[in-house]
Every structure is written in C-alpha cells, then in structure tokens.
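In: sharing a model that was predicted from the sequence below.
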Amino acid sequence: MFNPIVRSINLSISNILKITKNRKITIKNKLNLAFGSLIGVTFLIMGVNYWSSVQATLNINRTEELRMPIALSSSEAQSNLLKMLSNVRGYLVTGDAVFRQQYQESRHAFEENLHEMEQLFQQWNVPIQLEQLKNLRRFYEIWSELPPYLFDLKDDRLKSEPGFRLWEQEGELLAIHILANIDKISQEQNPRLLSDLELFQETINLKSLFSLLVADMRNYISTREDKYRFDYTAHYRKSKASLENIQSRLYSLTQSQQEALNDIIEDFAEIEIIIENTVEIIESDRYREDLHIYQSKAEPIAKEMLIILNYIVETQKQQFRSELTSGVSRLNSAQLQTLIGSLLILILGCIMTLVLQRKISDPIQRLTEVTNSVISGNLEVKSSVESGDEIGILAQTFNEMTDSLKLSLDTLEMYNKNLESLVAERTEELHVKNKELQLTLHNLKQTQSHLIQAEKMSSLGQMVAGIAHEINNPISFIQCNLSPLTTYCQDLLDLVQSYQELYPDDMNMAKKIEEIDLEYIEEDLPKLVESMDMGANRIYNIVLSLKNFSRSDQANLKEADIHEGVESTLLILQHRLKSASNQGRTIQINKEYGDLPLVECYPGELNQVFMNILANGIDILESMVEGDNRNADLEDGVLTIHTEYQAETDRISIQIQDNGPGIDAEITNKIFDPFFTTKPVGEGTGLGLSISYKIITEHHQGMLKCYSKPGEGARFEIEIPAHQSWTSLPHEDQRLSA
C-alpha cells in the first residue's frame, strides 16, 4: 500500500539530485522542481488516504444495506416460522379459531420475509445464499400444504382420531345390538315365579353394568383419563360375571331367549376385541392423526427450514464481522499512511531546505561577504562563479562591476551606497518572503490535518450510525460502560474548566457555556448516569428473577430456597400490584418468613404453584377493588405469606392468605377439580389449582388445602417434606405425564 508513496519519494529525491548536480538550472526551475515534488507527494498521500476511506465506507454501506437487512429478515423469518408452528399446534390442541387467524398472519409475515431476502440476494448477486434460499422456498412449499390438511383433520374427529372412529363405526353398533338382545330376554321373562324373578333381576343388572361399561369406554376415548379405564375394567368383570350367571340358567330360558343369549355372547366377544384395539390405539402415539402428522412431518420440515435460516443468519454475521474488520483495517491503514506520509514530507522538506540553502542561500551569503569587502574598500576581491544560474550571472556581473569601480572612485562610492541600501532591502524582502513561505507551509499542514480529520470523523460517523441503527447492544454492555462514561464525562468537564482558566477572556467560549448551561449539565450529568445504572440493574434483576422463576433446567430433585422462589414470583407479579395501586387501592404483601432449611424439591414446579395461588389471590382482590371502586371506606387488599419449619415432622408449611370476600363451601369442595373455574368464559381454564394440587400431592408427597368462609378471605396451606423419600417418589415418566 506504500509503493506509490515510495515511488513518489524516489522521484522527489532524484529531482533534488538534479538540482545538486546540474549547474545550469535556474533558481526558478530549482524552486519549481523542489516544491512541485513536495506538493506531488502531499497530494499522493491524500489520494491514497481518500481511496482507503472510500473503500472502508463502501464496506460499511454494504453492511448497512445488505448484511443487516438480511440478518434481520432471517431472524424475523425464524420468529414467524416458530409462531406458525406454535399456532398450528395450538389449534390442534385447543381448536381455538384465534390460533388459525394468528397462523395466517404469521404465514403472510414469513412469506414477506422470504420475498425480501430473495430481492436482497438477487440485488447483490449472492449465488450461494440464493441456492440456500431456493432450498428454503422448496421446503416451505412442501410444508405450507400441511397446516390446511391438519386443520381439516382437526375439524373432522372421525378422520383425526382412529380410536374414536373404530368405536363409533363398530363398537357402538355391537353395544346397541347387545342391549337390544338383553331387552329381548328381559321382556320375555315371567317375573311371577321366584326363579324367573331372579333371572329377570340378573338380566336388568347385566343391562345396567353393560351400559356403564359403554359409558366408561366413551368417556375414556374422549378424555384418556385412567379412572374411566379402571371403571371400565371393573364394570367389564361384573358384566362378564352377570353374563355367566345368566348362561348358567340356560335351561330356564325359552328358545328365542337362548338365541338372544348366544348372540350376546358372540357380540360380547367381538366387542371385547374392539375395546382392546381401541384402547391400544388411544394409548399409542397415533391416537390423534393430526398430531402425529404434525410431529412426524410438519416439525421435521420446519426444523430443516430453521437450520437454513440459522445458516443464513450466521453467514451474514460472519460476513458482517469480516467486512467491519476490513473497514476498520482500512481506516487504520489510512491513519498509518497519514502518519508516515507526514514524516516523509517533513524529511523531504528538510532535505529541500538543505539543498536550497546550499545552492541559493550560501552563494548569496558568499556574494554578500564579497560585497561587504568591496564596500569596505577592497576592490581587489572577486566573487567566484559557481553556477550558470541567476546567482552565477550576478557574481560575474559583480566582478565586472568591481572592475568598473576601479575606473571611477566617485561612481564606486555612489554605487557602494546604493548597493548597500539595495542589499538591505533585498535581504529584508527575502526575510519577509521566507516568513510568508513558512506561514503558508504551516497553514497548508493545518488545512491538510483538518481535511484528514474531517474525513476520518465522517467515515467514523457513518459507521457508528449504521451500527447503532441496526444493533441493540446488550444491557450488560451498558452496565460495563457506565463507570468509564462517568470518568470520561468528568475528564471532559475538567478539560472545559482548564480551558476556562487558561483563556478567561474568550468571549465565544463564555457565550457557548452560557447557551448550554454548563453548570446545570455538571449537576445533572451524575444524576443521569445514576438513573441509567439503576435502570440497568432493574432490568438485570427482573431477568434474574425470571430465570430463577422458570428453572427450566431443573427437572430433577434439588435442594432449593423456598423464600427465593416466592420472591421471584412476587417480582414477576409486581406489575399486577402496581396496576391495582394505579386504581386508587393498594394490595399489600405481608411476609411472615420463618427459618427454613433448604428443601429437596422440584423448584420450577413449586414456583408454578406459588404463581397460581398468588395470581388467584390478586385476581380476587382486584375484582373486589373494581366492584367497589366508588366506596372510599373499602379496606385495602392484603396478601399474607407465612412459612415455618416443623422440626418434629421434618416438614415445611407455606400459608398464603388474602382478606378477600371468601369462598362458598360448595365452591371450596370443587376448587381443585380439573376445568373448574368461577371466572368468565375465556378468562380462565380451570387447570391452575388442579395442576398445583397434583404437583404438591403427587410430585412432592405433600398436602394442599384451602380454608375459607364467606367474608373471611381464603387461606391456602401447603405442606411438603423437607427431604423426599426416593422409594416413594413417583416414577419419572409418571411425573412428566402428570
């Protein structure tokens, strides 16, 4: 990169050597060669610096116009693809039409992202990325056909649930046929005889048991709950026994009753096989055809698309870092070139000064000395002619003049006076010109430095603007930089104060300080930094609380601090408490924490229990505030959290109580039932307390109870052992399924 500068320096040195060796070159040509070389080197260095700055700017522009938009579009495409997956699964699980609408919105956004990436890649001609995008488009065309098909399957239960289809098409018909034959036997039975009465009662019992068996089977198909399967098994055994009792009385049946009984036995054997097949289908992975297709086809294709999008994002990040590094390198090179070029110009200027001094200033000085000798009256002295330039001609003319002076002393004296005056004027003029030349050189260097600095600041400003516009720095960077920021600001303020002390009479500076109100800035700046630090710490604490709350990586038993989980949950619900406060009422949290040991538990699940109970308490207190908002005498809401350790039983007790309106006894008995809720439709699922009850009783071998009376608030009491017994813990598969 320095080759052009080196060649220019070599050319300048060769020109200087020509000045040194050639005696016939005039002073004008010597000055033209010398200053021409200096100016040429200066403009060459400026040109090289400008070219490096332009290249760095191009790299930054490419990053701003291509890399960042592509990376942003790819990231948005990943997010929209995940939203589509989530909405498809949400509709398949719940059947809520909102998920279908959200899926369509995510799909349109994803297609817009694809179109934007295709335009960018075609505009900038990136063949490798275009190939990846074609693969992504191909996968998406395959994948986009699946959601409508899955939605149709979800809407048609016979198609989507093989177990339900088998039972509806075959099992129901056999059940109807069996019940009809049982009715036929009972209708032909004469209940007047004791033996016939017993057979009649057994027939009625068989019908009742078989009807319960069919109802349990229907419930199990719809809910897949184990209790219906257990009930079905019990009713099946009883129905089998009842059928065998009737079969043992075959001798007392009529011919038509015996035929009906034989049909019942055959149908019972067939329906037993159908029930076994139905249960096997329901307990398999393909109990829902739509979910199976979603998991086996939709999710793998989506994963492939996510891999391609992630590859595009990572590739753009690498190229972004590479181009950014290249731009910084070019800027550094421009700075280095400026430094080296300035040094070379300085050296070249020194060489030119020495050469010009030797070829111009020294001969003039010697000629001046000869002139002084002549002035002193020594007319025999001669000036040596060293070159053929103006100074040589002047020396030769001076020699001729001394010869002429010998002819006339009067003329010599007159010429001597005139010559002394002329030399003094010329010397003064040369001195003035020399000062003007130095001033011009100084101004030229200052102008050059200002231009270079302006170009550097312009390039740096464009780079910073592009990066600041596209990249949102992590909050940790803010925390790390606040301390240096405070130091730098103080340094700048000290610098301004030092400038004021050095130049107290600078009116422009004083006016500027008055305009910006420097005193207010010095007072307000530490407050701003402190507020930024508080905000950053606030965000950090919230993120830490969310991490502590989720505990998604703690799926195994672990010793945990119960109070830490409660505090994390309260911090997450802080916005709910503030919302109530904004309505003119407050919800106060009373903490009565005991001295608890570390508890062996599933921290994430316990946090979920705390969240459900505390959120329900806040809901009750908020509804109380909204319902009596105009009552100024309404008591503020209070949530009391009490914890204690029962050393004699090695158990932990957590009590959460509110001062709300309380719960009726009828509702209290159902509060832990699945899907039971008192909230309006769409605001609650009725699963929160049911899941909490399972977590406490099944996963932690504890107790969860609710005590409440109308008008006295509600109190939830949680009691779990401090140390779990491994032999009595539920199996991991059962725990996860629950």
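Out: The structure has been received and is ready for your questions. Numbers count the residues shown, from 1 in each chain.
In: can you give me the strands in the stretch 151-300 of the chain?
Out: In the stretch 151-300 of the chain, no segments count as strands under DSSP state E, counting those that start in this stretch.
In: could you list the low-pLDDT ranges of it?
Out: The stretch 151-300 of the chain contains residues with pLDDT under 70 at 155-161, 163-164, 189-196, 222-224, 283-292.
In: what about 50?
Out: 192 (pLDDT under 50).
In: same question for the stretch 401-550 of the chain.
Out: 446, 449-473.
In: before we move on, what about the stretch 551-700 of the chain?
Out: Ranges of the stretch 551-700 of the chain meeting pLDDT under 50: 551-553, 629-632.
In: please repeat the previous calculation with a cut-off of 90.
Out: Residue ranges of the stretch 551-700 of the chain with pLDDT under 90: 551-558, 565, 568-588, 602-605, 607-608, 611-612, 615-637, 660-692, 694-695, 698-699.
In: now do the helices in it.
Out: 562-572, 574-582, 603-627, 665-668, 688-694 (DSSP state H, counting those that start in this stretch).
In: list the neighbouring strands of the following helix or strand past the last one plus their orientation.
Out: Read that as helix 688-694. Once the chain leaves helix 688-694, the next helix or strand it forms, by DSSP states H and E, is strand 703-708. Looking at strand 703-708 with DSSP bridges, its partner strands are strand 714-721 (antiparallel).
In: and the partner strand, what's buried?
Out: Residues 714-716, 718-721 are the ones in strand 714-721 that count as buried (16 or more other CB atoms under 10 Å). (C-beta placed from N, C-alpha, C; glycine too.)
In: of those, closest to residue 607?
Out: Nearest to residue 607 among those is residue 718, at 12.4 Å by CB to CB.
In: quick one: residue 315 is in a strand?
Out: No. Read with DSSP: H, G, I helix; E, B strand; the rest coil, residue 315 is helix and lies in no strand.
In: burial count for it?
Out: By the measure other CB atoms under 10 Å, the count of residues near residue 315 is 18.
In: residues contacting it?
Out: residue 129 (CB atoms under 8 Å, 6 or more residues apart in numbering).
In: OK, contacts around the nearest residue to residue 118 once chain neighbours are set aside?
Out: Setting aside the residues directly before and after it, residue 118 is nearest to residue 133 in space (CB to CB, 6 or more residues apart in numbering), at 5.9 Å. Shown in contact with residue 133 (CB under 8 Å, 6+ apart): 114, 117-118, 121, 308, 312.
In: just checking, what packs against the helix or strand encompassing residue 485?
Out: For residue 485, the host element (DSSP H and E) is helix 475-502. Judged by 3 or more CB pairs under 8 Å, 6 or more residues apart in numbering; DSSP states H and E, the packing partners of helix 475-502 are helix 507-516, helix 518-550.
In: number of nearby residues for residue 309?
Out: 25.
In: ok, the one 4 residues further on next?
Out: Summarising burial for residue 313: neighbours were counted as other CB under 10 Å, giving 18.
In: I'd like to know how far the residue nearest to it when sequence neighbours are not counted sits from residue 280.
Out: Spatial nearest neighbour of residue 313, excluding adjacent residues (CB to CB, 6+ apart): residue 74 at 4.4 Å. According to CB to CB, to the nearest Å, residue 74 and residue 280 sit 45 Å apart.
In: who has more neighbours, those two?
Out: For residue 74 and residue 280, the more surrounded residue by other CB under 10 Å is residue 74, and the numbers stand at 27 against 12.
In: got the buried residues for the helix or strand encompassing that one?
Out: Element membership for residue 74, per DSSP H and E: helix 68-94. If you call a residue buried by 16+ other CB under 10 Å, then helix 68-94 has these buried ones: 68-78, 80-81, 83-85, 87-92.
In: mean confidence (pLDDT) on that helix, please.
Out: For helix 68-94, mean pLDDT is 78.
In: give me the next element, helix or strand, following that helix.
Out: Immediately after helix 68-94, counting by DSSP H and E, sits helix 97-124.
In: the helix or strand just after that next one vs helix 68-94, what angle?
Out: Following helix 97-124 in sequence order, the next helix or strand is helix 127-143 (DSSP H and E). Helix 127-143 runs at 20 degrees relative to helix 68-94, counting by axes from the mean of the first three to the mean of the last three CA atoms, to 10 degrees.
In: okay, the angle between helix 127-143 and helix 97-124?
Out: 160 degrees.
In: need the contact list for residue 563.
Out: 593, 596, 643.
In: in strands only, show me those.
Out: Counting by DSSP state E, those place residue 643 in strands.
In: quick one, which of the contacts of residue 563 are buried?
Out: 596, 643.
In: about what we covered before: any figure for the gap between the residue nearest to residue 313 and residue 212?
Out: 58 Å.
In: what do you get for residue 120?
Out: From residue 120 to residue 212 the distance is 66 Å (CB to CB).
In: how much space is there between the residue lying closest to residue 96 once chain neighbours are set aside and residue 99?
Out: Leaving aside its chain neighbours, residue 96 sits nearest to residue 90 (6.8 Å; criterion: CB to CB, 6+ apart). Here residue 90 is placed at a distance of 4 Å from residue 99 (CB to CB).
In: and for residue 188?
Out: For residue 188, the distance to residue 99 - CB to CB - is 55 Å.
In: same check, this time on residue 201
Out: Taken as CB to CB, the span from residue 201 to residue 99 is 53 Å.
In: same thing with residue 46?
Out: 64 Å.
In: and residue 646, by the same measure?
Out: 46 Å.
In: higher neighbour count, these two?
Out: For residue 646 versus residue 99, neighbours defined as other CB under 10 Å are more numerous around residue 99 (19 against 13).
In: got a pLDDT number for the more buried one?
Out: 83.
In: verify the stated contact: it with residue 83.
Out: No. In this structure residue 99 lies outside contact range of residue 83 using CB atoms under 8 Å: 10.2 Å.
In: overlap in contacts of these two?
Out: The contact lists of residue 99 and residue 83 share no entry, where a contact means CB under 8 Å, 6+ apart.
In: helices along the stretch 301-450 of the chain, start to end?
Out: So, for the stretch 301-450 of the chain - with DSSP H, counting those that start in this stretch - the helices run 362-375, 390-407, 409-470.
In: which elements pack onto the first one?
Out: Taking 3+ CB pairs under 8 Å, 6+ apart as the contact definition, the neighbouring helices and strands of helix 362-375 are helix 390-407, helix 409-470.
In: ok so, going back, could you dump the helices of the stretch 551-700 of the chain to CSV with distance to residue 490?
Out: Compiled in CSV, those are given as follows (distance: least, CB to CB, whole Å):
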stretch, distance to residue 490
helix 562-572, 34
helix 574-582, 35
helix 603-627, 44
helix 665-668, 64
helix 688-694, 53
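In: indicate which one of those is closest to residue 146.
Out: helix 688-694 (30.9 Å).
In: tabulate the CA atom coordinates of the closest one in PDB.
Out: What follows is helix 688-694, C-alpha atoms only, in PDB (Å, rounded to 0.1, in the frame of the first residue of the first chain):
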ATOM      1  CA  GLY A 688     -54.200 -23.900  37.600                       C
ATOM      2  CA  LEU A 689     -55.200 -25.200  41.000                       C
ATOM      3  CA  SER A 690     -55.700 -28.700  39.700                       C
ATOM      4  CA  ILE A 691     -52.100 -28.800  38.400                       C
ATOM      5  CA  SER A 692     -50.900 -27.200  41.600                       C
ATOM      6  CA  TYR A 693     -52.700 -29.900  43.600                       C
ATOM      7  CA  LYS A 694     -51.000 -32.700  41.600                       C
END
